[in-house]
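# Sequence first, then the predicted structure, then my questions.
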Amino acid sequence: MIRTVISTAALACALASPAVAQNAPAAPAPATPATADAFVAEAEKTSADRSVDAQRVAWVNATYITDDTDALAAKSGAEMTDLAVQYGLGAARYQALPGLSYDTKRKLDLMRGGITLPAPTTAGQSAELATLTTRMSSSYGKGKGLLDGKPINGSDIEEAMGTSRDPAKLQEMWVSWHDNVGAPMRADYARMSAISNEGAKELGYADVGALWRSGYDMPPEQFARLTDQIWAEVEPLYKALHTYVRWKLNEKYGNAVQPKTGAIRADLLGNMWAQEWGNIYDIVAPAGAGDVGYDIGDLLKAKNYDPTRMVKQGEAFYSSLGFKPLPETFWQRSQIVKPADREVICHASAWDVDNVDDIRIKMCTKVNADDFITIHHELGHNYYQRAYNQQPFFYKNGANDGFHEAIGDTVALSITPDYLVKIGLLDAARVPSADKDIGLLLRQAMDKVAFLPFGLLIDKWRWGVFSGAIKPDQYQAGWDALRLQYQGVKPPVARDETKFDPGAKYHIPAAVPYTRYFLARVLQFQFYEAACKQSGWKGPLHRCSFYGNKAVGEKLNAMLAMGQSKPWPDALEVFTGSRQMSGKALVQYFAPLKAWLDKQNKGKPQGW
Ligand code: X8Z
Ligand code: ZN
């Protein structure tokens with residue numbers, strides 16, 4: 001997935017190929033700008049070469065989980081970590097040298113700071129770390145919950161959480177998934193954190209969290225402050241949505257299931273993690289006239305779309321912007337539906353196996369609205385990867401990781417009613433009129449606004465784990481406290497320290513940093529607002545679709561093609577004219593909804 005791609009690109013830094021390590025001179029060359037240039041050039045070439053096989057191994061493991069592919073993936077992962085750490089430690093020797101060229105300095109910074117989970121150089125540590133991460137990832141992929149007492153796999157249970165409205169079944173699925181998938185990996189997670197923290201310290205970081213926060217072209221403390229500032233901008237909107245949704249859930253389910261006050265029961269929100277709530281739009285839709293009147297999943301089913309056709313439709317959007325079609329190999333090599341006869345990791349991802357044009361997605365696509373959006377999301381990664389494929393290997397990455405997550409979502413914001421008519425999914429007669437704007441905005445907010453505190457708290461938890469503020473015997477309590485504080489949700493049954501609910505969310509076992517999705521949630525509105533301005537759109541922002549606009553496509557490509565060659569504010573400026581990441585564009589998009597929610601919420605209990 002993009003995680004693999006990014007961490008491999010980052011890995012690139014550390015992938016000291018065994019050959020390189022063995023041939024390395026005993027005494028390192030004196031540190032001069034010239035030896036730094038040579039060091040970076042060698043590291044970049046070796047890393048690029050080594051990354052391709054590593055990606056192939058990771059792909060085979062993710063699409064065919066067995067004990068053997070786990071063993072191969074762990075071996076390859078350990079080698080890549082060793083390589084990355086060797087280069088990262090080498091980079092630290094040169095970083096502060098005066099007289100370095102811009103590119104050498106930037107690449108040295110990326111080499112040291114781009115290792116998601118470093119291992120210490122002590123013999124055996126990278127192997128243990130890779131065994132742990134592979135085991136956790138694959139256990140997640142093979143994970144099963146229960147519905148009606150029968151086992152149900154990850155992608156099916158995700159779908160059922162979106163469609164079931166029976167609180168007992170929702171609770172059964174929620175509890176079984178968290179118990180079966182999360183709890184067993186608790187000890188592995190503690191060990192993984194300890195080892196990688198040692199690795200981060202060797203590289204000169206306080207802990208892995210500090211390492212992750214260092215990847216944003218600013219001091220890590222400033223980055224942490226920036227995320228809190230953005231949260232403060234959007235928090236009132238989230239609180240208003242929470243108040244309204246809790247009221248509607250109480251109306252539907254009654255006091256015994258969802259009381260009028262306090263936290264929302266996490267299994268009632270249409271999503272296993274309560275991260276996006278769009279699947280229960282039917283429960284909260286404005287009474288009477290304000291409703292949107294269609295569901296994208298129903299439209300796709302009515303027109304007999306299958307998963308591949310959904311992907312083709314996604315590709316067509318990018319083609320309309322002027323991006324060239326996906327390569328033939330994309331269709332031959334992608335996993336678009338869940339294979340019937342083997343275990344795979346269903347969580348969606350996008351890959352760039354050869355760092356040039358061997359781009360693919362891996363999904364277990366269902367014909368529904370969530371996966372239609374996810375397809376656009378994943379393709380955004382692939383088009384980004386292709387746009388920067390002329391960059392040197394260490395720059396083959398997003399301007400920051402939030403940019404990578406935001407591109408496809410920006411495109412998906414253009415899936416408006418008028419766009420659905422254009423592609424033949426919606427009858428022109430069923431385009432919601434202006435008096436349905438609130439319904440349209442509410443449907444979007446259920447996914448986009450609901451996600452914000454979730455996007456922030458995942459790494460608040462991990463930053464706490466890595467810093468030691470959340471100890472291994474507080475993993476569950478620390479998680480529940482953050483879920484309550486930021487999201488105002490609570491588990492349907494009491495949890496204790498035999499559980500490990502964080503492990504039931506893909507990115508925790510897979511060690512994918514999560515702040516990127518929080519950033520992407522606000523960045524996508526900045527990109528979308530800019531694209532709509534460029535296209536001359538005059539109406540309400542949420543009705544704008546930049547489908548077919550080649551000028552927007554060209555400007556977008558200019559930003560994407562930069563990869564990570566420049567600090568992210570430069571890239572942001574190229575497309576939006578602004579150098580700040582901020583929640584303002586998102587807040588403005590939803591301003592009419594906020595006014596409406598405030599009216600609905602008058603006199604209702606607020607907060608939790
Ligand atoms: O993990 C993803 C993508 C792959 S990069 C499907 N997302 C986050 C999640 O599912 O938790 C996209 C939205 C947030
Ligand atoms: Zn993504």
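Done, it's in. Numbers count the residues shown, from 1 in each chain. Ligands and ions are numbered 1, 2, ... in the order given.

# Which secondary structure element is home to residue 159?
helix 154-163 (DSSP states H and E).

# Return the distance of that helix from the chain's centre.
Distance of helix 154-163 from the chain centroid (Cα atoms, centre = their mean, to the nearest Å) equals 19 Å.

# Go ahead and name everything in contact with that helix.
Residues outside helix 154-163 that contact it (Cβ atoms under 8 Å, 6 or more residues apart in numbering) are 140-141, 143-145, 147, 152, 169-170, 173-174, 177, 181, 267, 270-272, 279-280, 338, 346-347, 364, 366, 368, 370. In short, each C-beta sits where N, CA and C put it, glycine included.

# Show me those residues that map onto helices.
Among the contacts of helix 154-163, the residues falling in helices (DSSP state H) are 140, 141, 169, 170, 173, 174, 177, 370.

# The helix holding residue 159 - what's its average pLDDT?
If you average the pLDDT over helix 154-163, you get 98.

# Same question for stretch 318-338.
Per-residue pLDDT over stretch 318-338 has a mean of 98.

# how about the helices in the stretch 1-150 of the chain?
Using DSSP state H, counting those that start in this stretch, the helices of the stretch 1-150 of the chain run over residues 2-14, 18-23, 33-63, 67-94, 102-113, 125-142.

# Go ahead and confirm residue 509 touches residue 139.
Yes. Between residue 509 and residue 139 a contact is recorded at 6.9 Å, counting by Cβ atoms under 8 Å.

# what about the strands in the chain?
Ranges of strands in the chain, per DSSP state E, are 144-147, 150-153, 264-265, 349-352, 359-362, 489-490.

# now for the top helix by length along the chain, which elements pack on it?
For the chain, the helix with the greatest residue count under DSSP H is helix 220-253. Helix 220-253 sits against helix 208-213, strand 264-265, helix 281-284, helix 437-467, helix 515-534, helix 584-589, helix 591-601, with contacts defined as 3 or more Cβ pairs under 8 Å, 6 or more residues apart in numbering; DSSP states H and E.

# pretty sure residue 240 is touching residue 596, no?
No. If you go by Cβ under 8 Å, residue 240 and residue 596 don't touch, sitting 9.2 Å apart.

# neighbour count winner among those two?
Using other Cβ atoms under 10 Å, the more surrounded residue of residue 240 and residue 596 is residue 240, with 22 against 19.

# so what's the residue lying closest to that one once chain neighbours are set aside up against?
Leaving aside its chain neighbours, residue 240 sits nearest to residue 597 (4.1 Å; criterion: Cβ to Cβ, 6 or more residues apart in numbering). With contacts defined as Cβ under 8 Å, 6+ apart, the neighbours of residue 597 are 240, 241, 243, 244.

# Turn the buried ones among the residues you listed into a named ChimeraX selection, would you?
To isolate the buried subset of the contacts of residue 597 in ChimeraX, counting by 16 or more other Cβ atoms under 10 Å, use the following:
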select :240,241,243,244
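
# wait, which of the contacts of residue 597 is closest to residue 587?
Using Cβ to Cβ, residue 240 comes nearest to residue 587 of the contacts of residue 597, at 11.4 Å.

# If I look at the closest one, what pLDDT would I see?
As predicted, residue 240 sits at a pLDDT of 98.

# cool, and residue 369?
pLDDT, residue 369: 96.

# cool, residue 289 as well?
pLDDT at residue 289 comes out at 65.

# One more: residue 15?
Residue 15 is assigned a predicted lDDT (pLDDT) of 29.

# Wait, residue 330 touches residue 360, no?
Yes. Using Cβ under 8 Å, residue 330 is in contact with residue 360, at 5.8 Å.

# Show me whatever sits in contact with both of those two.
What both residue 330 and residue 360 touch, as defined by Cβ under 8 Å, 6+ apart, is the set residue 382.

# Looking at those two, which is more packed in?
Neighbour count, other Cβ under 10 Å: between residue 330 and residue 360, residue 360 has more, with 24 against 19.

# how close does the more buried one get to ligand 2?
From residue 360 over to ligand 2 the distance is 14 Å, taken as Cβ to the ion, to the nearest Å.

# OK, contacts around the nearest residue to that residue once chain neighbours are set aside?
Nearest residue to residue 360 in three dimensions, chain neighbours excluded: residue 334, at 4.4 Å (Cβ to Cβ, 6+ apart). Each residue near residue 334 by Cβ under 8 Å, 6+ apart is listed here: 311, 360, 361, 362, 363.

# No further questions, thank you.
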